[in-house]
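Chemist: Give the three-dimensional model of this entry:
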Amino acid sequence: MVIYEGKAVFEGVAIGKLSVYKKNEETVKRIKVDAPEEEIARYAAAREEAVRQLQALYEKAVKEVGEASAEIFEAHQMMVDDDDFVESVESIIESQGVNAEYAVAETGDNFKKMFEEMDDEYFRGRAADIKDISERIIRILQGNGGAGIESEEPVIVVADDLAPSETVQMDKDKILSFVTVHGSANSHTSILAKTMNIPAIITCSIPLSEEVDGKEAIVDGFEGKVYVEPTPEILAEKQKLAAAEQEKKQLLELLKGKENVTLDGQKINLYANIGNTKDLGLVLKNDAGGIGLFRSEFIYLGSDDYPTEDEQFAIYKQVAETLAGKKVIIRTLDIGADKQADYFKLPAEENPALGLRAIRICLTRPEIFKTQLRAILRASAFGKVSIMFPMIISVDEVKEIQGILAEVKAELDAEGIAYDKKIETGIMIETPASVIMAEELAKEVDFFSIGTNDLTQYTLAIDRQNQSLDKFYDSHHPAILKMLKMVVDAAHKYGKWAGICGELGADLSLTKEFLAMGFDELSVSPGRILPIRKIVRETDVSAYKAGK
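Modeler: Numbering: from 1, shown residues only. Here you go, the predicted structure:
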């Protein structure tokens, strides 16, 4: 047995096989061959398999994240069979008498350089696609099948780290746990683990090699340890722990359908945070009262180009209809910082967390903003939809947004397109500026939702993605808690409701404190709904305040 240690970011126990997540990078050697025609045949077979894989990915993506996100796989299918590309590979095999892998790699490099040197931005953007299809074909030729999770059974995913764009394509049903070598407690991997309600460990010393790939292991999300090839004694111990956790979950199931009301009658709404339509099942399964944060940027991250109005509308409409009259708060796109989409062609920034991101992109590129607003407004005719704007720092920004929203509404009215004329609009409070200006902002909007991840980062002047600063990152810092109270008081002063949609909202050690502060709503990962409901129903807020 070998034990690897890291930092636990979500509790629980997972038992299963390890699967090292394969990045799209393959080592290719130049090998002389005696029968070039056989290599050409191997290449043709690999092309067919690549097209089959891409078609399967396309069909999966259409169901999970919509057609806009799936189009990239359709485009890649066409590129695999591009005549110029195919002829170049076959020519290298025949003229140089080399293996198909080398010919594909050489052609891929040549075409990638050619596209990168073009003046047209669109064609420069195709360089990454060439790299992707080349590596897919090489993996197939080398017998590696495909990137990512290659297993018919659920596995423990081991990776260096995972970008948001990588997790979009993962089959969530095949993941028991995440273990990463890098990452931070606030990384997307951590947030995804919490959404899926599975244990996760970051900054783990585990090797990304055949040394662990495929081996039986245990992830203990309480201790922050990975046991590879555990002894019978350790296995029995952790199986008992897993069974106890399962029993707790079953007891929590009894809370489904119950009100979120304290012993002394204080009510609070418990909503769910989601990133795509695939998460809707988790929302319903965990009995969330609605969706407090639909991260619309994942529609953009999963797409190769700007998603159209109709593509976005179809996704928002599906969410609204599935929630059947429950509230759905859609956050407008929050691209930038750690969430990058190449086709936005954002400028390189020394500090992207303080740069062109979120509402700043929307207000400097109004055509993108209007397209999304039209789609959201159209979807509001099919359910109880609200709009939330991120990264607000001033009243002027809110008034500019309201002006653009009014223009879009006027366009829809002129076209006779239905939407909720009284649609609720709110803002995210995630900067110290918005906290200080909370009273002024409360006069302009219907609600506040606090993004505690960024608010903590900006208040403490600590990059939340920098794992070396984790010891200094204190989400319970008194300054943060004071700010939360300031925001909820400002909202209530002007008759508006206030909630929390950041990760701090799911911190069970603070649930009673949030009730005492008077929050109207907590929007959390679906798996946190029932544990929070349990605390709410067992709390006497008056007694808690008296005992502080």
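Chemist: Okay, now the sheet partners of the helix or strand hosting residue 294, with direction.
Modeler: Element membership of residue 294, judged by DSSP states H and E, is strand 290-295. Applying DSSP bridges, strand 290-295 is found paired with strand 269-274 (parallel), strand 327-331 (parallel).
Chemist: could you dump the ones you listed to CSV with mean pLDDT?
Modeler: Below are these laid out as CSV (pLDDT from 0 to 100):
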stretch, mean pLDDT
strand 269-274, 95
strand 327-331, 97
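Chemist: quick revisit: contacts for the strand holding residue 294?
Modeler: The set of residues external to strand 290-295 that reach it, using Cβ atoms under 8 Å, 6 or more residues apart in numbering, is 269, 271-275, 283, 316, 319, 323, 326-331, 334, 384, 388, 449, 499, 501, 521-524. Using the backbone N, CA and C atoms, a C-beta is placed for each residue, glycine as well.
Chemist: Tell me the buried residues within these.
Modeler: Among those, those classed as buried by 16 or more other Cβ atoms under 10 Å are 269, 271-275, 283, 316, 319, 323, 326-331, 334, 384, 388, 449, 499, 501, 521-524.
Chemist: one step back: other SSEs contacting the next helix-or-strand element following the strand holding residue 294?
Modeler: Where DSSP H and E defines the elements, the next helix or strand beyond strand 290-295 is helix 297-301. Secondary-structure packing of helix 297-301 (3 or more Cβ pairs under 8 Å, 6 or more residues apart in numbering; DSSP states H and E): helix 164-168, helix 309-322.
Chemist: can you tell me which helix or strand residue 374 belongs to?
Modeler: helix 366-379.
Chemist: Okay, now the sheet partners of the helix or strand that that helix is followed by, with direction.
Modeler: Using DSSP H and E, the helix or strand that follows helix 366-379 in sequence is strand 384-389. Strand 384-389 pairs in its sheet with strand 327-331 (parallel), strand 424-429 (parallel), by DSSP bridges.
Chemist: can you put those in JSON lines and add distance to residue 104?
Modeler: Output for the strands paired with strand 384-389, formatted as JSON lines (distance: least, Cβ to Cβ, whole Å):
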{"stretch": "strand 327-331", "distance to residue 104": "41"}
{"stretch": "strand 424-429", "distance to residue 104": "46"}
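Chemist: sorry, back to before: would you single out the least confident of the helices and strands packed on helix 297-301?
Modeler: Note on the helices and strands packed on helix 297-301: lowest mean pLDDT is at helix 164-168, with a mean of 56.
Chemist: what's the following helix or strand after that one?
Modeler: Downstream of helix 164-168 (by DSSP H and E), the next one is strand 175-180.
Chemist: hmm, who's touching that following strand?
Modeler: So strand 175-180 is contacted by 4, 6, 12, 14-16, 18, 149, 154-162, 187, 189, 192-193, 196, 198-204, 206, 219, 221, 226 (Cβ under 8 Å, 6+ apart).
Chemist: Give me the buried subset of those.
Modeler: Looks like those have 4, 6, 12, 14-16, 18, 149, 154-159, 161-162, 187, 189, 192-193, 196, 198-204, 206, 219, 221, 226 buried, using 16+ other Cβ under 10 Å.
Chemist: about what we covered before: what's the closest of the strands paired with strand 290-295 to residue 515?
Modeler: If you check each of those against residue 515 by Cβ to Cβ, strand 269-274 wins as the nearest, at 11.6 Å.
Chemist: Let's see that closest one as CSV, backbone CA atoms only.
Modeler: C-alpha atoms of strand 269-274 as CSV (Å, rounded to 0.1, in the frame of the first residue of the first chain):
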residue,chain,number,x,y,z
ASN,A,269,-34.8,29.8,0.4
LEU,A,270,-32.3,27.1,-0.6
TYR,A,271,-31.4,27.2,-4.3
ALA,A,272,-28.8,25.4,-6.4
ASN,A,273,-25.8,26.5,-8.4
ILE,A,274,-25.4,24.8,-11.8
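Chemist: quick check, distance from it to the centre of its chain.
Modeler: 15 Å (Cα atoms, centre = their mean, to the nearest Å).
Chemist: Measure how that strand sits relative to helix 309-322, angle-wise.
Modeler: Relative orientation of strand 269-274 and helix 309-322, computed by axes from the mean of the first three to the mean of the last three Cα atoms, to 10 degrees: 140 degrees.
Chemist: end-to-end on stretch 227-234?
Modeler: 8 Å (Cα to Cα, to the nearest Å).
Chemist: Buried residues, it. List them.
Modeler: 227, 228, 230, 234.
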